[in-house]
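# A structural model of the following input is requested.
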Amino acid sequence: MYPMAPLIRTALNATARVAPGPAGRWAFHLFVRPLGRARVRPEEQKLFDAARTGHLRIRGKDVVTYAWGDGRRPVLLVHGWSSRASRLTAFAEELLARGYSPVAFDAPGHGDSSGKAGNIVEYREIIRELHARHGDFDAVVAHSFGVLAALFALRDGVRTARFVGLGGVGSFELLLAGFRAGLGLDERVIRCMRDHVERRIAPDEPGIWDSFGADRDPGELGAPVLLFHDEGDDMVPPAQSRLLARAHGDRARLVVTRGLGHRRILSDPAVVAEAVRFLTAPAGKPAGERMAAG
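Sure thing, here's the model as predicted:
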């Protein structure tokens, strides 16, 4: 996953002991760099050719945005890590057909946006800007890391009537554990990275690191939640969505699928149909967890 991991491990672990600042900066730059840049697939091209594209300037990076419909009943679509907005095409098409106005973006370092890296704070800034442009969202649909990032923004002034999460990351610690294990890093390196984030990335928000977890302050969302997670997801364990379901209590329902993995869940007709029913139906009370065949 990380080229030259043994060399990086040795250098970072040693640097953290003698120069915490540079170690934290270097670790952070590695942590927030996507693993490749996804391209639009043929089946996604028609919808994205028809989008109204726009641009945001976020921390010196050009962020490409997409919008469809007449602007009424906006629904925000948030892609995951090393992905792009077009992966949520199935949801955008169904919502557009029902009179909603999908809104999406490629995060920095992803899709057609500029930069080599992106992070959860930048996701939040983009979502804030789109909220300011389009108003309160009728719904937010997010995948994987996008779930973590969207819920971070939704606890900070962004408003939605409903939330759908697919294969979602709930705990920021899961990402840190994978990064640390992948490179064999000492805990000291993670502490250096935290210090870098709090001093350099968000200096006006003391303790921001502790607020990244999507299960933190769930009451701030105040909206019904529908979660989908495949039991065979090899990227994000289903326990992450169970964590979110527990955090959001009676407002949340979790559907566990079979045979869809981490990515096919985004285009599965049954998943898309159930999510759209939830997003467009009269308000109701979610109920528990159930299994659904893929």
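# distance of residue 251 from residue 206?
29 Å (Cβ to Cβ, to the nearest Å). Glycine gets a C-beta too; all of them are placed from N, C-alpha and C.
# looking at those two, which one has more neighbours?
The residue with the greater number of neighbours, taking residue 251 and residue 206 and applying other Cβ atoms under 10 Å, is residue 251; the counts read 19 against 9.
# show me the shaky parts of the chain.
Applying pLDDT under 70 to the chain picks out residues 1-3, 283-294.
# surely residue 71 is in contact with residue 133?
No - counting by Cβ atoms under 8 Å, residue 71 does not reach residue 133; the two are 9.6 Å apart.
# identify the residues contacting stretch 27-37?
Counting contacts by Cβ atoms under 8 Å, 6 or more residues apart in numbering, the residues outside stretch 27-37 that touch it are 1-2, 8, 12, 81-82, 84, 109-111, 116-119, 175, 179, 183, 185, 189-190, 192-193, 196-197, 201.
# and if you look at stretch 112-123?
29, 32-34, 58-59, 61-64, 78, 84, 105-110, 145-146, 148-150, 152-153, 172, 197, 201-202, 208, 212.
# filter those down to the buried ones, PyMOL style.
Of these, the buried ones can be selected in PyMOL as follows, counting by 16 or more other Cβ atoms under 10 Å:
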select buried, resi 32+33+34+58+61+63+64+78+84+105+106+107+108+109+110+145+146+148+149+150+152+153+172+197+201+202+208+212
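# restricted to helices, list the contacts of stretch 112-123.
Counting by DSSP state H, the part of the contacts of stretch 112-123 found in helices is 29, 145-146, 148-150, 152-153, 172.
# all strands for the stretch 101-250 of the chain, in order.
Ranges of strands in the stretch 101-250 of the chain, per DSSP state E, counting those that start in this stretch, are 101-105, 139-143, 163-166, 225-230.
# distance to residue 128 added to those strands, as TSV?
Listed next are the strands of the stretch 101-250 of the chain as TSV, based on distance: least, Cβ to Cβ, whole Å:
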stretch	distance to residue 128
strand 101-105	12
strand 139-143	13
strand 163-166	16
strand 225-230	20
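# for those strands, which one sits closest to residue 125?
Using Cβ to Cβ as the measure, strand 101-105 is the one of the strands of the stretch 101-250 of the chain that comes nearest residue 125, at 10.9 Å.
# what angle do strand 139-143 and the closest one make with each other?
Here strand 101-105 runs at 40 degrees with respect to strand 139-143, directions being taken by axes from the mean of the first three to the mean of the last three Cα atoms, to 10 degrees.
# got the contact list for strand 101-105?
Among residues not part of strand 101-105, those counted as contacts by Cβ under 8 Å, 6+ apart are 56, 63-79, 85, 88, 91-92, 95-96, 113, 126, 130, 134, 137.
# can you tell me which of the residues you listed are buried?
By 16+ other Cβ under 10 Å, these give 56, 63-69, 73-79, 85, 88, 91-92, 95-96, 113, 126, 130, 134, 137 as buried.
# what residues go with each domain of the chain?
For the chain, automatic domain parsing gives the domain ranges 1-31+173-208, 39-171+213-292.
# please identify the deepest-packed of these.
Each of the domains of the chain was assessed for mean neighbour count using mean count of other Cβ atoms under 10 Å. The highest is domain 39-171+213-292, with a mean of 20.
# that one: how far from the chain's middle?
7 Å (Cα atoms, centre = their mean, to the nearest Å).
# the residue lying closest to residue 192 once chain neighbours are set aside: what's it in contact with?
Leaving aside its chain neighbours, residue 192 sits nearest to residue 24 (3.5 Å; criterion: Cβ to Cβ, 6 or more residues apart in numbering). Taking Cβ under 8 Å, 6+ apart as the contact definition, residue 24 lies against 16, 189, 192-197.
# now with 6 Å, please.
Contacts here follow Cβ atoms under 6 Å, 6 or more residues apart in numbering; on that basis residue 24 touches 192-193, 195-196.
# doesn't it fall inside a helix?
Yes - assessed with DSSP: H, G, I helix; E, B strand; the rest coil, residue 24 lies in a helix.
# which pair in the ones in helices among the contacts of stretch 112-123 spans the largest distance?
Taking Cβ to Cβ as the measure, those have their most distant pair in 29 and 150, spaced 23.7 Å apart.
# out of everything not next to it in sequence, what's closest to residue 144?
Among residues not flanking residue 144 along the chain, residue 80 sits closest, at 2.9 Å (Cβ to Cβ, 6+ apart).
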